[in-house]
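> here is a sequence with its predicted model. Questions after.
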Amino acid sequence: MYDISIIIVNYNVRDLLDTCIASIYKANTFNYKIEIYVVDNNSVDDSVVFISNKYPEVKLIPNDKNLGFSKANNIALKKVSGKYVLILNPDTVLEEGTFEKLISFCEKDNSAGAVTSKLIKANGKLDSACKRSFPTLSVALPRIIGLSRIFPKSKIFGKYNLTYLDENKTYEVDAICGAFMFIPKIIFDKVGLFDEDYFMYGEDLDLCYRINKSGYKIFYYPEVTTIHIKGESTKKTNLSYVNNFYGAMMLFVKKNLTKGHGLLNLILQTGIFIRSFAGYLTRIIKLLTLPLIDIILLYGVFILSVKLRFSIFPNRQYLFIISVYVLIWVLLFMIFKLYTKKYEFSIGRTFNSIIAGFFVNSSITYFFNQYAYSREVILTATILLLITFITYRGLVNLYIFFVSKNILLNKVNLLIIGGKKLKQDMEEKFLSKYNVIYFDKDSYYNLSKLVDFIRIKNIQEVVFSADYFSNQDILSAMWMLKDRNTVFKIVPTANELILSKLHANINNLSLIEIEYNINNKMNIFLKRLFDICLSFILLLTVYPILRVIKILTKFKFSKHTAKLFLLPQVISGKLSFVGIPDWFELIGKEYLGKRGLTGLIQLNWFNGITEEEMMNYNIYYAKNQSLTFDIEILLKTLFSFLRKNN
């Protein structure tokens, strides 16, 4: 017989499940005899194979479809043999001593029917769902209309999540969250398993209601703390969450609360309608924002065109034909897919649709002679539309380019705690928004020093990748920093620490490219054309000024500014604006391209950079060179220079 049976229902969160299981073994400091059941709801991320290989002692139950939370747990509950059962989400991390504290608590109070720990989210703040009241009329109404969020400390309005209670004290509560439920096995024998009428949400509430009804108590016990990376295993759209959550509440009311059942159901249905309507309205507004902006711009351009042509504002009759023209252009924008995510800011499609609209609208005047005088207006409007729409969408594209490529070099301070270094490919290193800081174990192997270090260095994200600190220390740090909105992540020690995996669990595989872009004939032509045009402009404007200053004042320019004296070599073709540093050995490596005034090595230079790292930068640039990439490097060089001088 086991002391504790742990049940985890998994659905496509392999890495989180790995971290969760590792924390279970780490939390078992008293060496209790434990068994772990993982019920997999037909995951497609190889969870079953991965867990069976890494944790062969874990009892895996794979399902051929997603059975939901209740049915999946019940499959394992029928097999467990532990004195206590822990229902656990895969997106949780336990602290050391968890089981010892929980068993001690239950043994001291035989009335304990279910116990939960303090659940804290990844930002260090309390997950309010870990303690709840049953959704009676006085509880549900403030939540539905939003008063519980406005007045969380009110005993009247904060009943649902008991937000008015001290989160650091133990309380008897109505219900606890299914993410962490520590329950004596005998309780399941008396009150039954999870109600399988619930698919997602509500099953924990229903079980707690039956436990209460049987004379046992439900406890919130904050002496034990657990990380809950909430929502990772059940990410849904807002509408899906609203419908599932309130639907589960309605089912709970129907099954368990007979008093005021009709009125409460009406309130819950009203809540579903209001929240769903708000969700749909938000989506509709998002979908219509761009078309509405286009329509406003179209009307504005036509009114201006009429004013320019006739020196008057359009009358009611003319507004009708303008509306026809606007409608045709909007329809053409739709045909050219300008309102799809992929092409919404496409310059080429915008140009083509405006030109197409010109021909369509011009042809209308031939069929309706009374509007023949508007051809000049259409021509004027078309020219203004090309200028307006291409400028507007061009600026948006420029903004997206600056943000996506991090041209302004805005960095998020990322602290890595562990023995491993981040493994970044060259693209991630170049585009990364992170200023990576590594934890110095010798200097800061102390929890209070770590917290101070995070505050002083203004760390926004922290990644724990080794056992420098216990889970209990990690939880304490998260709690002490809860008001800073610092994001915490934990990486299993067996996993490689790869930057892209800190934010996604998808492994992208790339095929090897044979041809380097730097040797592509079209790229060579565009790169040379760009060098000639830009150097010609700078030679006529900036270069003469620098020459005069140098001759008359003997002014010593910075090494970056001094490179502008090499502009004649750029226009002659000896150098390029972007390329290999002039001091880098190129013999036998001519395939890497020309030397340049700036480049990836120059931009990412630091004392101690190795030959291998520099060669990796060179190869990455040669493989991925393009005109936009060159412009991106030049802009980053410019902003880096301006930032250093400020």
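Cool, got the structure.
> for the biggest strand by length in the chain, name the packing helices and strands.
Of all segments of type strand in the chain, defined using DSSP state E, the longest is strand 217-228. Packed against strand 217-228, as judged by 3 or more C-beta pairs under 8 Å, 6 or more residues apart in numbering; DSSP states H and E, are the following elements: strand 92-94, helix 98-108, strand 112-120, strand 171-173, strand 175-176, helix 203-213, helix 471-480. Backbone N, C-alpha and C define where each C-beta goes, glycine included.
> make CSV from the ones you listed and add mean neighbour count to it.
As requested, the helices and strands packed on strand 217-228 are arranged in CSV below (neighbours: other C-beta atoms under 10 Å):
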stretch, mean neighbour count
strand 92-94, 26
helix 98-108, 18
strand 112-120, 25
strand 171-173, 16
strand 175-176, 28
helix 203-213, 22
helix 471-480, 20
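> save these as TSV, and put in distance to S148 too.
Below are the helices and strands packed on strand 217-228 laid out as TSV (distance: least, C-beta to C-beta, whole Å):
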stretch	distance to S148
strand 92-94	25
helix 98-108	29
strand 112-120	18
strand 171-173	15
strand 175-176	15
helix 203-213	16
helix 471-480	23
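> nearest to I364, out of those?
Nearest to I364 among those is helix 203-213; the distance by C-beta to C-beta comes to 61.8 Å.
> distance from the longest strand of the chain to the middle of the chain?
With C-alpha atoms, centre = their mean, to the nearest Å as the basis, strand 217-228 stands 28 Å off its chain's centre.
> show me what that strand pairs with in its sheet, parallel or antiparallel.
Here strand 217-228 is paired, per DSSP bridges, with strand 92-94 (antiparallel), strand 112-120 (parallel), strand 171-173 (antiparallel).
> for N12, which of those is the nearest?
Closest among the strands paired with strand 217-228, using C-beta to C-beta: strand 92-94, at 16.0 Å.
> residues contacting that closest one, please?
The contact list for strand 92-94, computed with C-beta atoms under 8 Å, 6 or more residues apart in numbering, reads 19-20, 23-24, 26-27, 119, 179-180, 226-229, 471, 474, 490.
> ok, so of those residues, who is nearest V360?
Among the contacts of strand 92-94, and counting by C-beta to C-beta, the member closest to V360 is I229, at 53.2 Å.
> do you know how far I390 is from P56?
Distance, I390 to P56, using C-beta to C-beta, to the nearest Å: 62 Å.
> wait, P581
52 Å.
> so which of these two has more stuff around it?
Just comparing P581 and P56: by other C-beta atoms under 10 Å the higher neighbour count belongs to P581, 18 against 8.
> how about that one, nearest residue that isn't a chain neighbour?
I601 (5.4 Å; C-beta to C-beta, 6 or more residues apart in numbering).
> report the mean per-residue pLDDT for the host helix or strand of that neighbour.
With secondary structure defined by DSSP states H and E, I601 is part of helix 600-603. Mean per-residue pLDDT for helix 600-603: 89.
> heads up, I number from 18, so please use that
Okay, residue one is now 18; in that scheme the one you just asked about reads as helix 617-620.
> so what does that helix touch, helix or strand wise?
With contacts taken as 3+ C-beta pairs under 8 Å, 6+ apart, helix 617-620 sits against helix 628-641, helix 644-662.
> N452 is nearest to which of these?
N452 lies closest to helix 644-662 among the helices and strands packed on helix 617-620, at 12.9 Å (C-beta to C-beta).
> residue ranges with poor pLDDT in the stretch 168-317 of the chain?
Counting by pLDDT under 70, the stretch 168-317 of the chain has low-confidence residues at 247-264, 267, 274-279, 281-282, 285-286, 288-290, 292-293, 296.
> show me where it has its helices.
202-208, 220-230, 255-273, 278-327 (DSSP state H, counting those that start in this stretch).
> touching the second one from outside, list them.
Spelled out, that is helix 220-230. 86-87, 104, 130-131, 149, 151-152, 191-195, 198, 200, 204, 208-209, 211-212, 215, 235, 265, 269, 272-273.
> can you rerun that using 7 Å?
Contacting residues not belonging to helix 220-230 are listed as 86-87, 130-131, 151, 191-195, 198, 204, 208-209, 211-212, 215, 235, 269, 272-273 [C-beta atoms under 7 Å, 6 or more residues apart in numbering].
> L344: how many residues sit nearby?
When neighbours are counted by other C-beta under 10 Å, L344 registers 12.
> secondary structure element holding it?
Here L344 is assigned to helix 333-352, by DSSP H and E.
> run the angle between that helix and helix 278-327 for me.
110 degrees (axes from the mean of the first three to the mean of the last three C-alpha atoms, to 10 degrees).
> now helix 333-352, how far from the chain's geometric center?
Remark: helix 333-352 is offset 39 Å from the chain centroid, using C-alpha atoms, centre = their mean.
> dump the C-alpha coordinates for the helix or strand just after that helix into PDB.
Going down the chain from helix 333-352, the next helix or strand is helix 364-384, by DSSP H and E. These are the backbone C-alpha positions of helix 364-384, laid out as PDB (Å, rounded to 0.1, in the frame of the first residue of the first chain):
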ATOM      1  CA  ILE A 364       1.800  47.600 -50.000                       C
ATOM      2  CA  GLY A 365       1.600  45.700 -53.300                       C
ATOM      3  CA  ARG A 366      -1.900  44.600 -52.800                       C
ATOM      4  CA  THR A 367      -3.000  48.000 -51.600                       C
ATOM      5  CA  PHE A 368      -1.500  49.600 -54.800                       C
ATOM      6  CA  ASN A 369      -3.200  47.000 -57.000                       C
ATOM      7  CA  SER A 370      -6.600  47.300 -55.400                       C
ATOM      8  CA  ILE A 371      -6.600  51.100 -55.600                       C
ATOM      9  CA  ILE A 372      -5.600  51.000 -59.300                       C
ATOM     10  CA  ALA A 373      -8.300  48.400 -60.000                       C
ATOM     11  CA  GLY A 374     -10.800  50.600 -58.200                       C
ATOM     12  CA  PHE A 375      -9.800  53.500 -60.400                       C
ATOM     13  CA  PHE A 376     -10.700  51.500 -63.600                       C
ATOM     14  CA  VAL A 377     -13.900  50.100 -62.100                       C
ATOM     15  CA  ASN A 378     -15.200  53.500 -60.800                       C
ATOM     16  CA  SER A 379     -14.100  55.300 -64.000                       C
ATOM     17  CA  SER A 380     -16.200  52.900 -66.100                       C
ATOM     18  CA  ILE A 381     -19.200  53.600 -63.900                       C
ATOM     19  CA  THR A 382     -19.300  57.200 -65.200                       C
ATOM     20  CA  TYR A 383     -19.700  55.900 -68.800                       C
ATOM     21  CA  PHE A 384     -23.000  54.100 -67.800                       C
END
